[in-house]
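Participant: Any chance you can model this:
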Amino acid sequence: MRKIIFLAFIIGLSLPSLSQVTATNILDLRINKHCFRTADKELEGLAETYLLKLRFDKERLKQYTIDLDFDNETLKDVLMEICKITKSKYYITTDNVIQIIDKKDEKNVNLNNLQLEQDNKKPDNLNPTKFNITVSGKVTDDASGEPLPNVNVVVLNGKNGTTTNADGYFTLYGVPSDTSTLIFSIIGYDPFKHYLAPSQSLKDISIQMTSSKNTLSEVVITAPKDQSFKLNQKVGMIKLTPSKIATLPNVGEKDIFRAFQLMPGVSAGSEHTAGLYVRGGTPDQNLVLFDGFTVYNVDHLFGFFSAFNSNAIKDVQLFKGGYESKYGGRISSVVDITGKEGNKKKFNIGGDIGFLSANGIAEGPIGEKASFLLAYRKSFSTSLYDKISDKVSKGGDSVITLPNGRTITPGVKSWFDDMNARLTFNPTKKDVLSLSFYKGKDNVDNQITPPTGGGRPGGGTAPTFNIGITDLTEWGNTGASFKWSRKWNSKFYSNALISYSAYFSDRDRSREGTITRTDGTVVEIKSGTLENNDLKDVSLKTDFEWKLNKNHSIEFGYHLTNNRIKYSYAQNDTVSIIDRETKGTTGAIYLQDNMKLFNDKLNIIGGVRTSYFSPTGKTYFEPRLNITFDISDKFKLKGSAGQYNQFVKRVIREDILEGSRDFWVLTDNDKLPVSSSKQFILGAAWENKDLLIDVEAYYKKLSGLSEYTLRFTPTRGTVNYEESFYQGTGYAKGIDILLQKKFGKYNGWVGYTLGEVKNNYPVYGEKDFYASNDITHEFKMVHTYKWKRFDFSLTWMYLTGRPYTAPSGGYQITLLDGSTQDYLSSSNKNGLRLPAYHRMDIAATYNYGKPGKGNGTIGLSLFNIYNRENIWYKNYDIIDNEIIATDVKYLGFTPNLSFTWRLK
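Facilitator: Got it, this is the predicted structure:
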């Protein structure tokens, strides 16, 4: 194992790294670049990648397209080729500024009229007329017109900054003068400079940013490379965009949740769940929002896909802890997903296809004030799909033995699909109305209809069996939201949302049929388990933001949610183990104060959330505090503390023989207490233009945990299965470390987590035991490299083994139909651990076509390239009264080929 870790380190260190190049003559700089965009974009790319200073007239160069390959050629040759195509000439000043001008203007060169990577002309020697001003406006994508949330807006060489809200609006206070320069930056887009001028309006400024696909984006908020100011990073926050993860290795297609699992603090130890285990939490403890409605299940295809189509997603933020007062109802983390609104300028269609699914998207404007987006994907059967289905459905079993001795091979039939739709309408410049809809479903059919017949193997007579085996599982989500957002003025913003969400899960594992005995009598047989979980959520939310001044803002709002949850679990279609139906309403109000002190060095976000939960008739008080302090322009300290409560949760139903399952319930503070956590986070970050080092330590004290088990149920007398819910407490603690290279052709990150998760359920004994999601060490590496039109990526991870519970004894009985059923007794709860998990994946992506004229990618991913046999879980059977353990393994070496195409 040490050799593997050492080898991974060597691979990581041996990959090329881009640093600033120096040369006696700047024209001798060697350039490796494939050009396929307009001249202005290619020049901006040169400046960004090779740290050059360029001045040019962007409007003039937009009309020229550069389609050339430069392989280790000098900058002089590159400039000459570009100037030849664009009918230009270049000059170099004494401070190495490269100026590109029209040949017609060669005799009348006016350097003040040339541009340095900007979209609006820099005013020529204008004197400011206003000071300490407020600037407001909206930021959109220049190709689609989509508003861009979470864009960083800062003043060049200044101390203050802000971010755009969910609808792209921003208000920046304390701008020094009306001739200042504003910098706009966001993950996945080229940095943008906007020069103010006294003649320009300071309200409703329209900023259009250009998407950049040159590098895998950084995962935290930073300023542009040439800007020393860095906007305060929120504690525990990770931000990714779908366009920036397309080059990472994958089994099926690009997936936001799989990308998050490559970050420290988010466990990646299971290939068969897209759910996030965040800092010792479980997937149900994460609040997952899509356009404002709650999503209760995030798995497709046994977890190999998440429920979210990346083609319908614009922005995703993950808060690993310490999240603000506007979020509530969960005790671990928040995933806030913003869907695309659709192209507001041109009609566009596209499609993706891989070894597991096909994906289509259509979007476009409706008149001048509205836009739409439709996205649909569906799985289809391939050898890879069948490989995954068979492994998951049967745990590796390929043959089933019937009571009469015959054997059959089951045929698994499964599929999934989902659809996203969104309609957005802007009746005025201040108002946005949007309607979002999502529906997804999975179906796994392992039904078997064996041939009718009798007889014993090797001869003899026996009863005739006619028994059908049903193994059908279905689950899915439906969600919809209607939102009205309004920017009342530069200081006050509001949005109101009404949403609906539903989740269902049905499972039928039963045997049904007849046995005809040799004397002619017929016996009907019916056995197995039936399980159903049905959840409904109707919510109303109103949120307000009031910016008092550049150092002070207030957020407040009211949330109302009504839940109805059903769960039933029966054996043999007659014995009802659990049959619950509960309803409840949660009402919450919150208030949050955001202050900046000491010349913006100290940022304090304090808030409180107060919730009333009708099933318990109690009020729950949740204070929150988030602090960051800039020690210098590169080093900051950060910390948070807060109380969190959860009223709707999943309960684990322990099943050692067939694998534990979980189900959603509404808490009642009786058998199912309200879950709560107290979280504390302390960290530090150091950042320069190219590198980021981030460290956060965390501690979570958990209470109100629940589990369901029948291992303590009496075998005789009257049994009350409702008493088999048990309560517990626990804690999670650890430290996350991230080292990231953010810019250049080569970039990526290394992450490490040291963690511990323990629970205490008195029913299992007095001592704490490791939770089933406890992983002591997690080490992850992500490397990406861009060469011409190719993107290469490599990921490697190593995780220590997860705990599990093994049987200590058991027995077997024969049922009426001749089949057998196993019964096990258990050892200490999670007293053993699986072996360590590790794997390496690589991918190569070719980018073809031109933006706006038909483009796409061809990708090859190699999953688990050294074919590591990682163990998923252990399956137990009793043969001749002896317990036989079988390792059920994850996927071995698996290739995947994908193809994407876009009209625009």
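
Participant: from here on, contacts and neighbour counts on C-alpha atoms
Facilitator: OK.

Participant: mind checking the longest strand of the protein?
Facilitator: strand 522-549 (DSSP state E).

Participant: Which elements pack onto the next helix or strand after that one?
Facilitator: With elements assigned by DSSP states H and E, the helix or strand that comes after strand 522-549 is strand 552-571. Counting contacts by 3 or more CA pairs under 8 Å, 6 or more residues apart in numbering; DSSP states H and E, strand 552-571 is packed against strand 522-549, strand 575-597, strand 661-666.

Participant: What segments of the stretch 101-250 of the chain are strands?
Facilitator: For the stretch 101-250 of the chain, strands defined by DSSP state E, counting those that start in this stretch occupy the ranges 131-141, 152-155, 161-163, 169-177, 181-185, 192-195, 205-209, 237-240.

Participant: looking at the ones you listed, which is buried most?
Facilitator: When the strands of the stretch 101-250 of the chain are scored by mean count of other CA atoms under 10 Å, the highest mean neighbour count falls to strand 152-155 (a mean of 24).

Participant: While we're on Ser211, how confident is the model there?
Facilitator: pLDDT for Ser211: 78.

Participant: Let me see the contact set for it.
Facilitator: Residues counted as contacts of Ser211 (CA atoms under 8 Å, 6 or more residues apart in numbering) are 141, 188-190.

Participant: Tell me the one among those nearest to Thr179.
Facilitator: Asp190 (22.4 Å; CA to CA).

Participant: does the closest one really touch Gln208, like I thought?
Facilitator: No. With contacts counted by CA atoms under 8 Å, Asp190 stays clear of Gln208, the gap being 10.5 Å.

Participant: Just the helices from the protein, written as ranges.
Facilitator: Assigned by DSSP state H, the helices in the chain fall at 2-14, 39-50, 58-61, 75-86, 256-260, 383-394.

Participant: where's the spatially most central residue of the chain relative to Leu318, distance?
Facilitator: Closest residue to the average C-alpha location of the chain: Phe257 at 3.2 Å, with CA atoms, centre = their mean. As judged by CA to CA, to the nearest Å, Phe257 and Leu318 stand 10 Å apart.

Participant: Please apply the same query to Ile858.
Facilitator: 29 Å.

Participant: Same check on Gln200?
Facilitator: From Gln200 to Leu318 the distance is 37 Å (CA to CA).

Participant: With Leu148 instead?
Facilitator: From Leu148 to Leu318 the distance is 17 Å (CA to CA).

Participant: Likewise for Asp670?
Facilitator: With CA to CA as the criterion, Asp670 and Leu318 are 32 Å apart.

Participant: Which of those two has more residues huddled nearby?
Facilitator: Leu318 (22 against 10; other CA atoms under 10 Å).

Participant: show me what contacts that one?
Facilitator: With CA under 8 Å, 6+ apart, Leu318 has these contacts: 237-239, 333-336.

Participant: hey, what's the nearest residue to it once chain neighbours are set aside bridged with?
Facilitator: Excluding its sequence neighbours, the residue lying closest to Leu318 (CA to CA, 6 or more residues apart in numbering) is Val335, at 4.6 Å. Under the criterion DSSP bridges, Val335 forms beta bridges with Val288, Leu318.

Participant: do Arg486 as well
Facilitator: Going by DSSP bridges, Arg486 forms beta bridges with Asp431, Ser494.

Participant: So it sits against Thr428, correct?
Facilitator: No. Arg486 lies out of contact with Thr428 (CA under 8 Å); the separation is 9.4 Å.

Participant: For those two, indicate the residue with more neighbours.
Facilitator: Between Arg486 and Thr428, counted using other CA under 10 Å, the more crowded position is Arg486 (19 against 10).

Participant: mind checking how far the more buried one is from Ala166?
Facilitator: 11 Å.

Participant: Kindly report the same for Gly321.
Facilitator: With CA to CA as the criterion, Gly321 and Ala166 are 21 Å apart.

Participant: who has more neighbours, the two?
Facilitator: More crowded of Gly321 and Ala166, by other CA under 10 Å: Gly321, with 26 against 17.

Participant: if I pick that one, what's in contact with it?
Facilitator: 235-237, 332-334, 679, 681.

Participant: Give me the neighbour count for Glu882.
Facilitator: Neighbour tally, Glu882, other CA under 10 Å: 12.

Participant: Beta-bridge partners for it, please?
Facilitator: Glu882 has these beta-bridge partners by DSSP bridges: Ile879.

Participant: again with Ile842
Facilitator: Beta bridges link Ile842 to Leu794, Leu862, judged by DSSP bridges.

Participant: what do you get for Lys193?
Facilitator: Beta-bridge pairing for Lys193 (DSSP bridges): Ile183.
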